[in-house]
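*Asks:* any chance you could fold what I've pasted below:
(one chain, ligands or ions: 2)
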Amino acid sequence: MAKILTLGMLKPDAIASGKAGAIIAHIQNEGFSIRAARLTRLTPAQAGKFYEVHKDRPFYADLVAFMTSGPVLPMALEREDAVAHFRKVIGATDPAEAAPGTIRKLFAESKGKNAVHGSDSPENGVREVAFFFPESEIAGLWG
Ligand code: ADP
Ligand code: MG
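*Replies:* Ligands and ions are numbered 1, 2, ... in the order given. Below you'll find the predicted structure:
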């Protein structure tokens, strides 16, 4: 199976808790290569656009507020079956329901503040990597 990219992102709670290094080590131990990464702070407009699919959900305003509350660390992650495997590695949205050993079970505190984002389909992986990393930075990565 060909290697593909997914967008993984450490959320503000993961950066604030000082667990970024441990979470990145966990991701690398699962066989992902970090092909691009950046520490950045989202504006409300950027966070709103990133999570546009959820704009009619009751948690949207809280989600945008949380995602702009501190820095985030988006990463273009490469691996065979990257999208599905990363979703398995991060676990269910709510850490209370996440499987043992998953990042959200190990490092997240609540359904909202759940430490990490992962693309949910290969199409969204492409879209979300492009959202954070300009073409010049990821040139050649889709090869
Ligand atoms: P996932 O991140 O697992 O793909 P969703 O796409 O459903 O989950 O939701 C996006 C993000 O919105 C979640 O990771 C979480 O931070 C937040 N969220 C989702 N559902 C809720 C909820 N019921 N209450 C609060 N925050 C939520
Ligand atoms: Mg999602």
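*Asks:* contact residues of this protein facing ligand 1?
*Replies:* Those residues of the chain that sit near ligand 1, judged by C-beta under 6 Å from any ligand atom, are 54, 59, 63, 93, 111-112, 114, 117, 120. (Each C-beta comes from the backbone N, C-alpha and C, glycine too.)
*Asks:* looking at these, which has the most residues close by?
*Replies:* Counting neighbours by other C-beta atoms under 10 Å, Asn114 leads the residues of the chain next to ligand 1 with 23 neighbours.
*Asks:* was I right about that residue contacting Pro95?
*Replies:* Yes: at 6.0 Å, Asn114 counts as touching Pro95 under the criterion of C-beta atoms under 8 Å.
*Asks:* now for the two: what residues contact both?
*Replies:* Both Asn114 and Pro95 are in contact with 104, 108, where contact means C-beta atoms under 8 Å, 6 or more residues apart in numbering.
*Asks:* packing partners of the helix or strand hosting Ile4?
*Replies:* Following DSSP states H and E, the helix or strand that holds Ile4 is strand 3-10. With contacts defined as 3 or more C-beta pairs under 8 Å, 6 or more residues apart in numbering; DSSP states H and E, strand 3-10 has these neighbours: helix 20-29, strand 73-80, helix 82-90, strand 116-118, helix 122-132.
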